[in-house]
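**Student:** model this:
(one chain, ligands or ions: 1)
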Amino acid sequence: MIKLENVNKYFFKDDPREVHALRDINLTIEDSEFSLFSGPSGCGKTTLLNAIGALDSIDSGEIYLDDKEISSLSEEQRTELRLTQMGFVFQAYNLVPVLSVEENIGFIMKLRGFSDSEIKQRVFEVASMLEIDNKLSSLPNALSGGQQQRVAVARAVAAKPKIILADEPTANLDSKNSQSLMDMMRELNEKEGVSILFASHDDMVMQSVKRIIRLNDGALVDA
Ligand SMILES: Nc1ncnc2c1ncn2[C@@H]1O[C@H](COP(=O)(O)OP(=O)(O)OP(=O)(O)O)[C@@H](O)[C@H]1O
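**Tutor:** Below you'll find the model as predicted:
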């Protein structure tokens, strides 16, 4: 479970350019959610996702992951938390071009010290779910955009994080690829129980999620 209590975040605090990007956010996200942060451009979707993912600090309030307060951790502890508990999928696929699809998917598992045989087995399992198991020996740039994004999802999910944070994952995909990515991510959510949180404008994402959390000007509209 993720719980946010009175979370506030500013950019350029105490400067004429000050932006109050998150305003008194109180929000609970249960385990195994498949949820979307939605709202107009600049409303704070990415800022909220980055705060939950311990990618960025907040100015006041608390963020709990289960019973652990995570917003006041040191940079080193946040890095460890991201590595062990979170998976990230971005608009740009961010694959390592010189590594094979298999090595890209296993990358986080390798950093976490899983054995080669565990990695091989798990990589094949997630690649099969995402229908890229026939591409494991290819380099990323030999794949279509839709396939590359599925590799990025496979990498995010392989080490069994608690939460996957997906910021505009369909932004570079056509509608057919967006739909199949969302179908596969929903299947992963249901089969593996991983929570997946999206920030997106895409109607396809909106139609696929189970919960929509609306933001306006940094505040929750309803949740
Ligand atoms: N690094 C930053 N420095 C200064 N201001 C920022 C920074 N990041 C975001 N902001 C500001 O914070 C507010 C929220 O931005 P954020 O990117 O979270 O919105 P968003 O809802 O994700 O927007 P979009 O849908 O366009 O991606 C905006 O006013 C934005 O200009």
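
**Student:** pretty sure Ala127 contacts Val157?
**Tutor:** No: taking Cβ atoms under 8 Å as the definition, Ala127 is not a contact partner of Val157, at 10.5 Å. Heads up, the C-betas are built off the backbone N, CA and C, glycines and all.

**Student:** leaving out the residues flanking it, which one is nearest to Leu143?
**Tutor:** Distances taken as Cβ to Cβ, 6 or more residues apart in numbering place Lys135 nearest to Leu143, at 5.9 Å, with adjacent residues excluded.

**Student:** SS state for the residue most central in space within the chain?
**Tutor:** Geometric centre of the chain, nearest residue: Leu165, 1.4 Å, by Cα atoms, centre = their mean. For Leu165, the assignment made with DSSP: H, G, I helix; E, B strand; the rest coil gives strand.

**Student:** related to what we said a few turns ago, got a list of what the residue nearest to Leu143 touches?
**Tutor:** Val101, Ala127, Ala142, Leu143, Gln147, Val151 (Cβ atoms under 8 Å, 6 or more residues apart in numbering).

**Student:** so for it, what's the pLDDT?
**Tutor:** Listed pLDDT for Lys135 reads 98.

**Student:** and it, how close does it get to Lys191?
**Tutor:** 21 Å (Cβ to Cβ, to the nearest Å).

**Student:** which strands or helices does the longest helix anywhere in the chain pack on?
**Tutor:** Identified as the longest helix of the chain according to DSSP state H is helix 175-192. Packing contacts for helix 175-192, counted by 3 or more Cβ pairs under 8 Å, 6 or more residues apart in numbering; DSSP states H and E, involve strand 34-38, helix 116-129, helix 145-158, strand 195-199, helix 203-208.

**Student:** which residues sit against the fourth one?
**Tutor:** In other words, strand 195-199. Contacts of strand 195-199 with the rest of the structure, by Cβ under 8 Å, 6+ apart, involve 2, 29-37, 45-46, 48-49, 52, 162-169, 185, 188-189, 205, 209.

**Student:** what angle do it and helix 145-158 make?
**Tutor:** Between the axis of strand 195-199 and that of helix 145-158 there is an angle of 140 degrees, by axes from the mean of the first three to the mean of the last three Cα atoms, to 10 degrees.

**Student:** can you give the strand pairings for strand 195-199, parallel or anti for each?
**Tutor:** strand 34-38 (parallel), strand 163-167 (parallel) (DSSP bridges).

**Student:** distance between that strand and the chain's centre?
**Tutor:** 6 Å (Cα atoms, centre = their mean, to the nearest Å).

**Student:** show me which residues of this protein sit near the ligand.
**Tutor:** Within the chain, the positions adjacent to the ligand are 11, 19, 21, 39, 41-47, 199, 201 by Cβ under 6 Å from any ligand atom.
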